[in-house]
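Q: structure of the sequence below:
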Amino acid sequence: MSDEKIIVQVDPDLEELIPGFLENRKLDIEKLRSALNEKDFVNLGSIGHSIKGVGGGYGFDLMSEFGANIEIAAKENNADVIQENIDRLYHYLKCVEVEYT
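A: Have a look, this model is predicted:
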């Protein structure tokens, strides 16, 4: 995966909320990694569901996609797909740049 910037356009009304929102998603990654380590698929599904729900509401559609993938994979106890999507989410958060338009 390249470290190219990923531009996301967000409503300026949300500008004050976005830094905290993104920080919380970084905390989600830590929780996901811990839950995966423990093979806690129930918790993985719950976190994935939450990410799926909040991402799109702020304009981060790709984030929602990763969350949905994690949620589905957790129901199937598919650790490989979960790990892949945690990695993709991590990379996304590392490269995302917000433009308020």
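Q: okay, now the unreliable bits of this protein?
A: 1 (pLDDT under 70).
Q: please enumerate the helices of this structure.
A: For the chain, the helices defined by DSSP state H occupy 18-37, 41-57, 61-75, 79-95.
Q: most packed of these?
A: With neighbours defined as mean count of other C-beta atoms under 10 Å, the helices of the chain peak in mean count at helix 61-75, which reaches a mean of 20. From N, CA and C alone the C-beta is placed, and that goes for glycine too.
Q: so that helix versus helix 79-95, what angle?
A: Interaxial angle of helix 61-75 relative to helix 79-95 (axes from the mean of the first three to the mean of the last three C-alpha atoms, to 10 degrees): 160 degrees.
Q: which secondary structure elements does helix 61-75 sit against?
A: Helix 61-75 is packed against helix 41-57, helix 79-95, with contacts defined by 3 or more C-beta pairs under 8 Å, 6 or more residues apart in numbering; DSSP states H and E.
Q: may I see those organised as CSV, with distance to I70 added?
A: Output for these, formatted as CSV (distance: least, C-beta to C-beta, whole Å):
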stretch, distance to I70
helix 41-57, 3
helix 79-95, 5
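Q: of those, which is nearest P19?
A: Checking those against P19 by C-beta to C-beta gives helix 79-95 as the closest, at 12.1 Å.
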